[in-house]
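Colleague: here is my input; please provide its structure:
(one chain, ligands or ions: 1)
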Amino acid sequence: MSCGSVTLAQGPEGQGQSTDFLRGAGSLAEASPLALSGLKLETPCVTWCLRGDPGLLAQGGFQGRKLDLPLSALVNASQQDFELLAFAFEASEEQLRPARLIRVGLVQNRILLPPDAPVSEQVGALHRRIAEIVEVAAQCGVNIVCFQEAWTMPFAFCTREKLPWTEFAESAEDGPTTRLCQKLAKTHNMVVVSPILERDEAHGDVLWNTAVVISNSGAVLGKTRKNHIPRVGDFNEATYYMESTLGHPVFQTPFGRIAVNICYGRHHPLNWLMYSLNGAEIIFNPSATTGELSESLWPIEARNAAIANHCFTCAINRVGVEHFPREFTSGDGKPAHRDFGYFYGSSYVSAPDGRRTPGLSRTRDGLLVAQLDLNLCRQMGDLWNFKMTGRHAMYAEELAKASQPDYRPHIIKE
Ligand SMILES: NC(=O)NCCC(=O)O
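Modeller: Modelled structure (predicted):
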């Protein structure tokens, strides 16, 4: 664990916030009360040394190692103004299987142009930004990169308006964003997970919240869709698309078997379980979520899923405040407003043994590189045996009964 100095900013958009202090903890929310006592959050700046804080280790702070990156990658990230962090999770050596080392890259970013800029300009600016971040990911040896939910657009579903937001929807198979990702994948020999708003032209032109998985060969390997549509706060996504009917597909890539559990699906343990039962070794969770609503849940859910399912999980959130041209209300009696709240970034990777990386910044664009030894999945499965001890057939039977209209909860009374 290293010693870091921290400038804690007031408010979510504060300047100068450093992630150094998170090296021993996943986020401020995970820092021990011991470590936090004495911190005066009302003062704009505080310097804080974490060296050897037993509270942080007890809470499972990061105990892997930092990865060395090429200087060119660090220079490029700095020049292009995004944070670049890299960590490695090791596994025990085995006799029969060599280590299965791969690198994932998680990208979090703010939108570049205001939501009232022309649609094609907004998309173009994000395409250019992602291409430059992916270039750095390639310099860092990333094998699989994943972007945030609906990465080509502002998260406009809070507005409940159709135009112009539905114009951001594209074909998953051959839309301009997929074509860009195919080019990036082929150029950099990298699997690309690209979450977009999809327009399904073959089925009545309907919209979906989709992640397109592009092979390192540049071919579209397939797509998966969001299984759970939020009905909370300003996340009015049901106005735009329905729950997926594609189930829980897992994609076999040369760098491991991957799945994508889009945003709100992370609140559903059975959703993670189903990807895992289909063999996922890495489950990406591209998200768009805001501070007041979910920041207390964020450090826990994907991490818990990694433990429960003997797999790696990668939680990705966007950054910043997005101001919309027209006011909308939240159905809570409060005044109409033009923004959704603060998207707090804090993307991180969790391992099946419960370790996790520090989060990326709450305020800045970033690329998190994590080297994973996929052998850790089976090693943790053999240790904890959750797949073996899980009573899936019994749950399936009971769930089938509980889903029937005439079901009566099994409560025993005197
Ligand atoms: N994008 C999305 O599903 N957000 C819902 C809020 C959350 O799950 O934190």
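
Colleague: what about this structure, any weak spots by pLDDT?
Modeller: The chain contains residues with pLDDT under 70 at 1-63.

Colleague: close to the ligand: what parts of it are there?
Modeller: The interface of the chain toward the ligand, taken as Cβ under 6 Å from any ligand atom, is made up of 149, 230, 232, 235, 263, 264, 287, 288, 289, 293, 294. Heads up, the C-betas are built off the backbone N, CA and C, glycines and all.

Colleague: show the buried residues in those residues.
Modeller: The neighbour-count test (16 or more other Cβ atoms under 10 Å) marks 149, 230, 235, 263, 264, 287, 288, 289, 293, 294 as buried among the residues of the chain next to the ligand.

Colleague: secondary structure for those residues - can I get that in a markdown table?
Modeller: Conversion of these to a markdown table gives the following (DSSP: H, G, I helix; E, B strand; the rest coil):
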| residue | secondary structure |
| --- | --- |
| 149 | coil |
| 230 | coil |
| 235 | strand |
| 263 | helix |
| 264 | helix |
| 287 | coil |
| 288 | coil |
| 289 | coil |
| 293 | helix |
| 294 | helix |
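
Colleague: what distance do you get for residue 146 to the ligand?
Modeller: From residue 146 across to the ligand, the span is 15 Å (Cβ to the nearest ligand atom, to the nearest Å).

Colleague: just give the nearest non-adjacent residue to that residue, would you?
Modeller: Nearest residue to residue 146 in three dimensions, chain neighbours excluded: residue 193, at 3.9 Å (Cβ to Cβ, 6 or more residues apart in numbering).

Colleague: tell me how this structure divides into domains.
Modeller: The chain is divided into the following domains under automatic domain parsing: 1-79, 96-389.

Colleague: which of those is buried the deepest?
Modeller: Scoring these by mean neighbour count under mean count of other Cβ atoms under 10 Å gives domain 96-389 as the most buried, with a mean of 20.

Colleague: tell me the contacts of the residue of the stretch 1-150 of the chain found nearest the ligand?
Modeller: Each residue of the stretch 1-150 of the chain has a distance to the ligand, by Cβ to the nearest ligand atom, and the smallest belongs to residue 149, at 5.5 Å. Residues counted as contacts of residue 149 (Cβ atoms under 8 Å, 6 or more residues apart in numbering) are 155, 195, 209, 262, 263, 286, 287, 288, 316, 318.

Colleague: and the gap between the nearest residue to the first one once chain neighbours are set aside and residue 215?
Modeller: If I follow you right, that is residue 155. Of all residues beyond its chain neighbours, the one nearest residue 155 is residue 288 (4.5 Å), with distances taken as Cβ to Cβ, 6+ apart. Taking Cβ to Cβ, to the nearest Å as the measure, residue 288 falls 26 Å from residue 215.

Colleague: for residue 337, same thing?
Modeller: 42 Å.

Colleague: that older thread, pull the contacting residues for the residue nearest to residue 155.
Modeller: 148, 149, 150, 155, 263, 317, 318, 343.

Colleague: could you dump these to a markdown table with secondary structure?
Modeller: Below are the contacts of residue 288 laid out as a markdown table (three-state DSSP):
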| residue | secondary structure |
| --- | --- |
| 148 | coil |
| 149 | coil |
| 150 | coil |
| 155 | coil |
| 263 | helix |
| 317 | coil |
| 318 | coil |
| 343 | strand |
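
Colleague: and the strands in the stretch 151-300 of the chain, which stretches?
Modeller: With strands called from DSSP state E, counting those that start in this stretch, the stretch 151-300 of the chain shows them at 191-200, 206-214, 220-225, 251-253, 256-260, 282-286.
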